[in-house]
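K.L.:
Generate a structure from the sequence data that follows.
(chains A and B)
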Amino acid sequence: MRACLKAETCDLLDNFNYNFMKFSYNWLKELTDTKLSPEKLREIITLHAFEVEGLEAIGNDFPGVVVGKILEIAKHPNADKLQLTIVDIGKEKMHIVCGAKNISVGDMVPVATVGTRLPNGLEIKEAEIRGEKSFGMLCAKDELGLGTDHAGIFILDSQTKIGMPFGEYLDNRDSVLDIDILPNRAHDALSYVGMAREIIALEKYLVDRKREVFDYDYEGLKLDKKKSKKVKVEIEAGDLCSRYIAVFMENINVQESPMWIQNRLQVSGIRPVNNIVDATNYVMLELGQPLHAFDAREIDGGKIVVRRAKKGEKIAILDGSTKTLTEENLVIADEKKAVAIAGVMGGEHSGINADTTNIVLESANFNATSIRRTRTSLTMKTDASDRFEKEIDPNLAEKAMVRLVEIIEHIAGGEMEGAADVYPKAIKPWKIKLDVEYVNRLLGEEIPFKNITHILELLGMRISGKIPSITIEVPTFRIDLKTQEDLIEEIGRVFGYENIEPQPMAGNLIAPRINHERFFERKIKETLNGLGLDEVYNYSFYGEKDKSACKLEKIKHLELENPMNPDQQFMRVSLVPGILKNVRDNLKNYKNFSIFEVGRIYLPVGKALPEERKKITMAVILEQDKDGGTFFAAKGILDSLCSKIGITRIEFSEIDSSSDKMAFGLWHPTRRANVKAAGKNINIGYIGEINPFVLSQFKIAKRVVVAEIDLEQLAQSVEENKEFVSLRKYPTVMRDISMLVDKKIKAGEIREEIRRAGGEMVIDVELFDAFSKENKNSLAYHIEMGAADRTLESSEIDEMVRKILGDLEKKFAIVTRR
Amino acid sequence: MLAKKILGIRNEALEKIRNSQGDLFELEKKYLGRKSEFVGILKTLKDLSPEEKKKIGELANKAKREIMEALEKKKKEIEMFSFDFESERIDVTMPGKKREYGHMHILSAVQKDIEDIFTSLGFEIADGPEIEIEHYNFDALNIPKDHPGRDMQDTFWLKKENGKAASDKKDGRSERTLLRTQTSPVQVRYMEKNTPPLKIIVPGRTFRNEATDASHEHTFNQFEALVVGTDVSVGNFKYIAQKFFSEFFGQKLSVRLRPGYFPFVEPGFEFDISCTVCSGEGCSSCKHTGWLEVGGCGMVNQNVFVSAGYPKNAYQGFAWGFGLERLAMMKYKISDARLFESGDLRFIRQF
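P.N.:
Next up, the predicted model:
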C-alpha cells in the first residue's frame, strides 16, 4: 500500500500495512446477537474501531425457485440425451424435461417454475421439447449464479422440506462489511470473534447499556490434553516458535463441506477446497489463528520437528511452486524432511487428499519477525503469514484447536486420538497502572470514572485499585495494550472522539521564532514572479544520461541503492538538468519564457549526511537572440532581483574557458560569468549560456541562458539597514561621451574607470549604445553629474568630461568620437 | 441708491453670463471694462462719506468678484463644451497591454497559505534535511527494524559514498542514509534542541519508492505539525485542526477523528474533514460519506519523547501530518499528481 495523494481515488492516506477482511453480517449477528442494521454497524465500527471501506448486500431470494422431489424418471422417447421427470413441489406435481444424468428418484433439487427469471437471465416458459411438454426446469449451480459448476443438477440435502422456497433453503442473503483492520489489532480483530467482541462492547456502551452481553464461550475452549501416541512434537528453534499443538485425528472422511461453511468462506474471500482444509480456514476466520492439516501418512516417524531450514533445502509447496530455503526460514519437518514453511504455506506432498483418513492438525505460534522475513524473502503473502507476522496470542492456539477438532468431527466424522502441546513459557495476563486523571488530561474531556471502568471492562479487562491510580489486567488476546496511552486510546475511541469538544489551547504568549530563510526564499520567489518568471518543481534525482549530457560526471554524486529506474539514480548536484528538461518540454508550447526552481542539491562531504544547499536556478529563453540578447535579459533579471532584495551592487566577471578545448563543459565557454555581490564580496553563483553541444543532447535548438545562485550566499549578501540619502537640492547635468575601444577592453572596465576618474561628481554612468566596428567596439555613455552643495558650472563640467576622457585614453587607448 | 444700482448691474451681469453662449469677452467689457457703468460708479466713490464709501466699496468689490468668478466659470464651461471629445473616442473593449508576470508553483502557493495560517496561530516553521539517517526517520519514531510499518514505507536507500551499501552505526544510532519518507524526523531533531512548550510546523519534500500514476508520486510534500506542552490534549488538536481547515478552504468545516495507527503516536487517529464540495451532504467527491480523509495524527508516543531526550511522561502533545499535494488537489480539483513535478507551464500558469 502506498501514500496516496488523491482523496477521490484512494482512501488510504498512509500505509502502515493494513489488512482488509470481508465480514459476513449474518455470521457477526450470530456471534453478537446485534440489533443493529448493517448500515448502523458500519457507522459505529468506522467511528470507534476500524474503517469500514465497503458494505455490499449479497445473495438472492430466487423468486420462483422451490425445492422439489424427483418422483419419477423416464427416458425421453425422441431424444437419447434427455429424460422425462415428474417432480413434486408440494402444491403440485409437474412434468419437466431434463438433460442432466446425475439425478435419481428421491433426490431433492431446485426447481425453477414457469415465469421465473434465473440469475443468468434465462426465463422459464412452458415448452415442448422434442414433442414432450415441460413445465419448468431443474437447475444446476451455475444457472442459479452459484459458481461455475455445470456438472449436473444441484442435489440438495435429502432432509429438505418439499416446496420450500429455494432462497430460504440456501439462506445466502447477507451483507458483507469490508473492514480495514489496523495493523496493531490484526492479532485479534482479523477474526470474527475479535470483531464480535468490538461490536458487543460498542453496542452496549453506545446504543443500549442494558443489553445482555451475548456470550461466546471463549474461555471455555480447553483442549483435551490426552497425549497422542501417534504424533510427537519437538521444537528445536525455541526462539522462533513459542508454542506448537499437534492433534492426531483418525477415520475422517474427506469430502465437500456443507453449504453453510462454503458460503461463509466465500463471503470472506476464501475458496472452499474440502471439508478438512475448509475447517482450518473456517476456524482461522472465526478466531484469527492460522491452522494447518497434514495427511498423517506423510509425517515420517510420527514426529513433528520445528526447526530452521537447512541452507539450500528445497520444498514443494501447495501453490505448486518449489522454494529454496535458508537458515533464516523456519520449517515444520518430520524426521526426514520439511513438510511446511512454518506460518506461510504447507508442503504439497503432505496436503489433504480425497483418500486421506488420518490427519495431523497444527495450531502453533511463530515469531512474527521471522515469518515476516521469510515471506518477504520468498515474495509470498498468505492469510496465515498476514496474521503471524503481526504477532498473535499463543493462548489462542489452544482455543482454535478445540474449535477445529469440534468442527472436523461435525463435518468430516472421525475422532481425536490425542494431542501434543509444547508450550514452555505460558503467557499470562499482564497489568498496567492507569492514572485516571491522565486519561482526561490527554483526551481533553471530563469522562466520569465509572464510564472509564465500564469501557475497559467491556473490552475484557479486569480492574483493581482505587482512584486516581487503578490497575488494569489485560487479557492475553490484546497484545497491543502495553502502556497507559494504549488504554487511553481504548477509552477515547469507545467514548467517541466526536464527543471530545474542540478546545483552544491555554495560551502562553511566547511569539514564535521567525524562519528568516523561509521568508527570504518566499521574497525571492515573489520577486522573480514579478519579473515574469514561472516557478517549476523537479525531482531531486537524475540518471547517468542527464549527468553525462550536462558534463557533471566529474562531480561526486550520491547514489540511490534502489532507484525506481536508471533515470533516477543520482541525487542532484545541480538543478540545471531538470531545468533543461523543462525548457525542452515547454518549447513545444511556448517560444518565449523564463522559469526558475528553488530546490536543494546534495553534496557528499564525507560524513553520514551530505551537505544540502538550496539553489535558485533560472533559465531564460527568447524567441530571437542577437548578440547575446538572452544573456543580457537574464543578467537584467539578476540585477533587478538583487536590487529588490537589498544587494546594491553585483559584479559579473568573465570566466573564459575557450582556450582549453578539452574542457568542454556545461557552459558556453565565451558566454559565461561569475556573479559576485560587490558590497560584501561574496560569490553568489554563475550565469551563462548553456553550451550549444549540451543543448543539442537535450534536443533544444534555442539559446538558453541559465543562472544558478546559492540561496544562502545570496541571503548573506543582503546589505542590512538601508540608510536614507538626502534628496539632491541642486540640479544634475547629463553629458554623453562616445568612444572607440579595442574589443579586448570590457565595457565594465570602462564604466569603472569613468566612475573612478569622475569621483564624487559622477552620480551615474549608463551605457546607451554599443556596436562593433571591425576590431573595435563603439561605446556611448550617459554620464550624470552633480554636486551636493551647488549647481555645477558648465566650465567645471567640461573640465570633468575632459579629465574622464583623458584618463580613459591613457588607460585604455580609447579614441574619442565626436 | 448707489447700492441698488450696483446690485442691479451685478444681477444683470450674472444673468447675462449664465445665459451667454460665447460672447464672454463682450460681456466682460460691458460690465467690468474701463468704460463700463460699473467702473463709472466706482469712480464716484471718492465723493462719498467715509462710512458710505466703506459700505458701498465692499459691496462693489463683492459684486465685481462675483461677476469675475461667474465669467471664469462660464469660460471653462464653454471651453469644455466646445472640446471635441468625440474625436478622442477609444474602443474600451480592445485588449489591454499585459504586464508579464510569473506564476508561483501551486505547491509553493499552498505551502505559503498553510504557513501563513499556522504562523497566525503562533507556530514556528522548522526545517530538516531531505536526506536522513535511519535513526531519525524510523528508530527514533518508534518504528524499529522489522516493524511492519517499515517495509510498507518503500524507502529509497542511499549507497555509501564509496559505493557500498551504508550500514554504519554511531553512538548506537543507525546512520544508514535514506531519502526521508516523512517529515516526522524533524520532530525529533527539533525536540533535541528545544524544550516545551513548542508549536512547530514542518513543510517539506518527502520520498517513497513507488511507481507513479495519477494518484501517486515518489516525490511529494508533507506537512507536519507538532505541539508539545504539559497538558496538550486531543481537544486542543481538534480545535487547531478545525481552525486550520476552515481557514484553508475558506468555509466552516468540521473535523472527525477515527481510530488510526501510526507507531509514533498513541492514541492515533485518522482524520476527516467534512466534504468541501457538498458540506457533508454526500456527493461523488466524498463517495457519499460526507467526509474527506486528509491525514494521520495522534498524541505523541512517549517513546518518541524519550528518543528526543525528554523524560518519560513529563510532556504530552500532538503530531499531525498530511500531504500538500492532496490538499492542493482537493482545493483546486487537480486530477493528476504527476503534473506537480512536470514543469509544464500549461499547468503552472493556471494558478
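
K.L.:
what sits up against stretch A:275-287?
P.N.:
For stretch A:275-287, contacts defined as Cβ atoms under 8 Å, 6 or more residues apart in numbering or on different chains pick out A:191-194, A:252-258, A:261-262, A:264-265, A:268, A:270, A:272, A:289-293, A:352, A:356, A:359, A:361, A:383-384, A:387, A:396, A:399-400, A:403-404, A:407-408, A:411-412. (Glycine included, C-beta is placed from N, CA and C.)

K.L.:
from those, which ones fall inside strands?
P.N.:
A:291, A:292, A:293, A:359, A:361 (DSSP state E).

K.L.:
which residues touch the last one?
P.N.:
So the one you mean is residue A:361. A:246-249, A:280, A:291-294, A:401, A:404-405, A:408.

K.L.:
TSV please, covering those residues and showing pLDDT and neighbour count.
P.N.:
Listed next are those as TSV, based on pLDDT from 0 to 100; neighbours: other Cβ atoms under 10 Å in any protein chain shown:
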residue	pLDDT	neighbour count
A:246	97	27
A:247	97	26
A:248	97	21
A:249	97	26
A:280	97	25
A:291	97	23
A:292	96	28
A:293	96	25
A:294	96	27
A:401	97	27
A:404	97	28
A:405	96	22
A:408	97	27
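
K.L.:
Going by distance to residue A:303, which of these wins?
P.N.:
residue A:246 (9.5 Å; Cβ to Cβ).

K.L.:
Can you name the residue of chain A nearest to chain B?
P.N.:
At 2.7 Å from chain B, residue A:444 is the closest residue in chain A, using Cβ to the nearest Cβ.

K.L.:
wait, that residue sits on residue A:503?
P.N.:
Yes. Residue A:444 is in contact with residue A:503 according to Cβ atoms under 8 Å; the separation is 5.6 Å.

K.L.:
Which one's more surrounded, these two?
P.N.:
Higher neighbour count among residue A:444 and residue A:503: residue A:444, with 22 against 16, using other Cβ atoms under 10 Å in any protein chain shown.

K.L.:
Now do the more buried one against residue B:234, distance only.
P.N.:
5 Å (Cβ to Cβ, to the nearest Å).

K.L.:
count of residues packed around the residue nearest to residue A:384 when sequence neighbours are not counted?
P.N.:
For residue A:384, ignoring the flanking residues on the chain, the nearest one in space by Cβ to Cβ, 6 or more residues apart in numbering or on different chains is residue A:290 at 3.5 Å. Around residue A:290 there are 27 other residues, counting by other Cβ under 10 Å.

K.L.:
For residue A:290, give me phi and psi.
P.N.:
Backbone torsions for residue A:290, taken as degrees, to the nearest 10, come to phi -70, psi 140.

K.L.:
hmm, back to that, can you tell me which two in the ones in strands among the contacts of stretch A:275-287 are farthest apart?
P.N.:
A:291 and A:359 (11.4 Å).

K.L.:
Tell me, how many residues neighbour residue A:646?
P.N.:
Neighbours of residue A:646 (other Cβ under 10 Å): 14.

K.L.:
quick one: terminal-to-terminal distance for stretch B:171-186?
P.N.:
19 Å (Cα to Cα, to the nearest Å).

K.L.:
May I see the buried residues of that stretch?
P.N.:
B:173-186 (16 or more other Cβ atoms under 10 Å in any protein chain shown).

K.L.:
Can you tell me which of those residues lies closest to chain A?
P.N.:
Nearest member of the buried residues of stretch B:171-186 to chain A, counting by Cβ to the nearest Cβ, is residue B:175, at 4.2 Å.

K.L.:
I figured the closest one hits residue B:139, correct?
P.N.:
No. Contact criterion Cβ under 8 Å: residue B:175 and residue B:139 do not qualify, at 10.8 Å.

K.L.:
picking that back up, out of the buried residues of stretch B:171-186, name the ones that lie in strands.
P.N.:
Using DSSP E, the buried residues of stretch B:171-186 in strands are B:173, B:174, B:177, B:178, B:179.

K.L.:
close enough to count as contact, the first one and residue B:138?
P.N.:
By that I understand residue B:173. No. Checked against Cβ under 8 Å, the pair residue B:173 and residue B:138 is beyond contact range at 10.9 Å.

K.L.:
Tell me the confidence at the residue nearest to residue A:384?
P.N.:
pLDDT for residue A:290: 97.

K.L.:
contacting residues around it?
P.N.:
A:284, A:343, A:383, A:384, A:387, A:388.

K.L.:
Could you do residue A:769 as well?
P.N.:
Neighbour list for residue A:769: A:738, A:778, A:779, A:780 [criterion: Cβ under 8 Å, 6+ apart].

K.L.:
if we take those residues, which one ends up nearest to residue A:665?
P.N.:
Ranked by distance to residue A:665 (Cβ to Cβ), those are led by residue A:779 at 30.2 Å.
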